[in-house]
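Student: Have a look at this prediction, sequence included:
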Amino acid sequence: ALFVGHDGFVYSGSYDCTVRVWSGEDGRQIRTLKGHIGPVTSLAGDTNGRLYSGSDDGEIRMWLCETSEHIKTLIGHTGAVNALVVGHRGELYPRSNDATIRVWKGCTHEHLRVTQRQ
């Protein structure tokens, strides 16, 4: 997984269960974000400086880009999270191998709804 942030950093999801932060200017690694227990398969960011990482562990972790602080873990999927999209109002739309798309409210990250394949 790969995401280029508004902050000029490049974020890469890894099979070693981490997110690596790279300088967009010189390509050097800045830091490593740890917490997932499965490979990181999806990344997305919002305009408020938050990074979202989805993993084979079924969790979505939210990080503050400026400090790399883990802010919150969004739990609800029972399968790997393999895609993340941030909507124009800040809503988070993750897709999972559990055949669902869950919608999380942008400002509070309250779980709003589930769409499931029939």
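Tutor: Here it is on my side, so go on.
Student: what about residue 73, which helix or strand?
Tutor: Assigned by DSSP states H and E, residue 73 belongs to strand 69-74.
Student: Buried residues, that strand. List them.
Tutor: Using 16 or more other CB atoms under 10 Å as the burial criterion, the residues of strand 69-74 that qualify are residue 74. Every C-beta, even on glycine, is put in place using the N, C-alpha and C of the backbone.
Student: Which elements pack onto the next helix or strand after that strand?
Tutor: The helix or strand immediately downstream of strand 69-74 is strand 81-86, counting by DSSP H and E. Counting contacts by 3 or more CB pairs under 8 Å, 6 or more residues apart in numbering; DSSP states H and E, strand 81-86 packs against strand 40-45, strand 50-55, strand 92-96.
Student: okay, the angle between strand 81-86 and strand 40-45?
Tutor: On the basis of axes from the mean of the first three to the mean of the last three CA atoms, to 10 degrees, strand 81-86 is oriented at 0 degrees to strand 40-45.
Student: Nearest to residue 69, out of the helices and strands packed on strand 81-86?
Tutor: Between residue 69 and those, the shortest separation by CB to CB is 10.3 Å, and it involves strand 50-55.
Student: ok, and what's touching the helix or strand just after the closest one?
Tutor: Sequence-wise, the next helix or strand downstream of strand 50-55 (DSSP H and E) is strand 60-64. By CB atoms under 8 Å, 6 or more residues apart in numbering, the list of residues contacting strand 60-64 from outside reads 19, 33, 35-36, 49-55, 69-75, 77, 81, 84, 92, 94, 104, 109.
Student: Can you tell me the strand partners of strand 60-64 and which way each runs?
Tutor: Strand 60-64 sits in its sheet next to strand 50-55 (antiparallel), strand 69-74 (antiparallel), going by DSSP bridges.
Student: how far does it sit from the chain's center?
Tutor: Relative to the chain's own centre, strand 60-64 is displaced by 6 Å; criterion: CA atoms, centre = their mean, to the nearest Å.
Student: next one: stretch 9-21
Tutor: Relative to its parent chain, stretch 9-21 has a centroid offset of 10 Å by CA atoms, centre = their mean.
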